[in-house]
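> Sharing a model that was predicted from the sequence below.
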Amino acid sequence: MTVWFQRFDRNRTVGRLEPTMTSLLHGSRSSLDSPAPERRRLPVLPRAAAFWLVAGTTAILLAASSAPSPLYPVYQAEFGFSALTLTAIFSVYVLALLVSLLTAGRLSDFLGRRPVLAAALVVEAAAMAVFLGAHGVAALFAARVVQGLATGAAVGVVGAYLLDLQPDDGSRLGSLVNGAAATGGLGLGTIGSGVLIQYAPHPTRLIFVVLTAAFAVLAAATAVLPETVTRTPGAVAALRPKVSVPAPARRAFLRAAPVLISTWMLGGLILSVGGSLLATVFAERNHAAIGVTLGALAASSALASVLLRRHTPERMQREGTLLLLLGTILLVVAVASSSLSVFVAAAVVAGVGWGPAYLGAFRMVSQLAAPHERAALISAIYVVSYLAFSIPALVAGLAITTQGLRGTSLVYGVVVALVVAGALAYETRNRRLAAAS
């Protein structure tokens, strides 16, 4: 190919309308001196719309955390790992989440809500991509660790964001929606995952394609959220975990601890080995039914929290704990008799108790802390809750290898029932002492 260039005319003079080097320099200087055109900014969502976008983000984050639960039996059959490995995969997620929450949970107070949330959602999308390409146990561990770190950082942001954006009408909508969206998301994740496994193509892949795309869209959507925090120094110091129970709240914290432990212990059993339990003990082969059954616990918890939100914290904790005890007893009966209908009833009743019991205990303790003590106290609540969510499930996985799934689940259920009964007895005794004095 021949390229033709026009011959340069050395004798050509510059016309009046043609630019000279001097005029170009002057023009450049004048353009530098003139103000730059204002960069176009993206529109910012109104506070109400932003509030519900953050609420939806919370639900999808927690849906992603429970989505693997119906898949565990599928992975177990495909990769050939033990019950101990299954519960370890579940537990490393919870422990990574706890570490991230305690270290990165307050970063958005210093760096701003939007950048921290956007970064967490990008990492969450990366975790879903690791799940998408998982071909062995190592990939499952890696995906759960990355997901736990991302979720821990994001949970700290969305909780604060909802409080920032909630209506100024004294309704405390932020804390209510935060709790309901989290537990509702847990239910949505197991139900959606189970339905896709059963009826959609690529059962171990499609759910993570959907979630990867969802987190990518949500990360981009943070650009239109209003920023509610002014960037300030202190981010590095905020990475140091701060966990403590102030003196005025210690008695209430001790009263609430058995409730926190029992609710999350039961949730840990259902979301870790619940799928295997339904497939093995109850001979349930339909993955959609497994997902719906596992999701019933969290979904009923979210619904009960919303319906009973106007009750006093003490009443919510007391009545919720009683229902939790009833649900746990039904769970033991279901496993002993291999009755699927009783198991479903147990999940619903225990869920109706879980939500109010936990929310009541949380409110009862947190209201006793001064504003500057609240973050450290809430961290203490999370430590107790998430350790109860993961460690007993890991111990159960170890016991399953020698005692079997049915025997371990029965013992686990009895232990949870005893903890709940102890919490009720302790609370009843405290009320009588208070009435006598």
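Yes, it's here.
> where does the stretch 1-150 of the chain have low pLDDT?
Counting by pLDDT under 70, the ranges of the stretch 1-150 of the chain that qualify are 1-40.
> 80 - rerun?
Applying pLDDT under 80 to the stretch 1-150 of the chain picks out residues 1-42.
> Quick check, Val245 in contact with Ile378.
No - shown here, Val245 and Ile378 do not form a contact pair, counting by Cβ atoms under 8 Å, at 10.5 Å. Backbone N, C-alpha and C define where each C-beta goes, glycine included.
> Which residue of those two possesses the greater neighbour count?
Per other Cβ atoms under 10 Å, whichever of Val245 and Ile378 has more neighbours is Val245, with 22 against 19.
> where's the more buried one, which helix or strand?
Under the criterion DSSP states H and E, no helix or strand holds Val245.
> That one and Arg251: what is the separation?
Distance of Val245 to Arg251, given as Cβ to Cβ, to the nearest Å: 10 Å.
> and what of His311?
21 Å.
> Looking at those two, which has the bigger crowd around it?
Of the pair His311 and Arg251, His311 is the one with more neighbours under other Cβ under 10 Å, namely 16 against 13.
> Might you report the residue contacts of the more buried one?
Glu319, Pro356, Gly360 (Cβ atoms under 8 Å, 6 or more residues apart in numbering).
> Return the per-residue confidence for it.
Note on His311: pLDDT of 88.
> now it, what's its secondary structure?
Secondary structure, DSSP: H, G, I helix; E, B strand; the rest coil: His311 is coil.
> Quick check on it: phi, psi?
When read as degrees, to the nearest 10, the backbone of His311 gives phi -70, psi 160.
> oh, and call the first residue 39 from now on, that's how I've got it
Noted, 39 is the first residue going forward, which turns the last one into His349.
> Who are the contact partners of Leu298?
If you count contacts by Cβ under 8 Å, 6+ apart, Leu298 has them with Tyr396, Ala399, Ile419, Val422, Ser423, Ala426.
> so Ala399 is in which element?
Applying DSSP H and E, one finds Ala399 within helix 378-404.
> chain center to that helix: distance?
18 Å (Cα atoms, centre = their mean, to the nearest Å).
> what about Ala180, neighbour count?
There are 16 residues near Ala180, going by other Cβ under 10 Å.
> what do you get for Arg151?
23.
> Please name the nearest non-neighbouring residue to it.
Of all residues not flanking Arg151 in the chain, Tyr199 sits nearest, at 5.1 Å (Cβ to Cβ, 6 or more residues apart in numbering).
> Can you tell me the SS state at the one you found?
helix.
> I'd assumed Thr266 was in contact with it.
Yes - if you go by Cβ under 8 Å, Tyr199 and Thr266 touch, sitting 7.0 Å apart.
> Between those two, which contacts overlap?
Taking Cβ under 8 Å, 6+ apart as the criterion, Tyr199 and Thr266 both touch Arg151.
> right, and Leu256 touches Thr95 too?
Yes - counting by Cβ under 8 Å, Leu256 does reach Thr95; the two are 5.3 Å apart.
> Settle it for me: which of these two has more neighbours?
Neighbour totals were compared for Leu256 and Thr95, and Thr95 leads with 28 against 22 (other Cβ under 10 Å).
> Now the strand or helix carrying that one: buried residues?
Thr95 is located in helix 85-104, with elements delineated by DSSP H and E. Buried residues in helix 85-104, defined by neighbour count with 16 or more other Cβ atoms under 10 Å: 88-89, 91-104.
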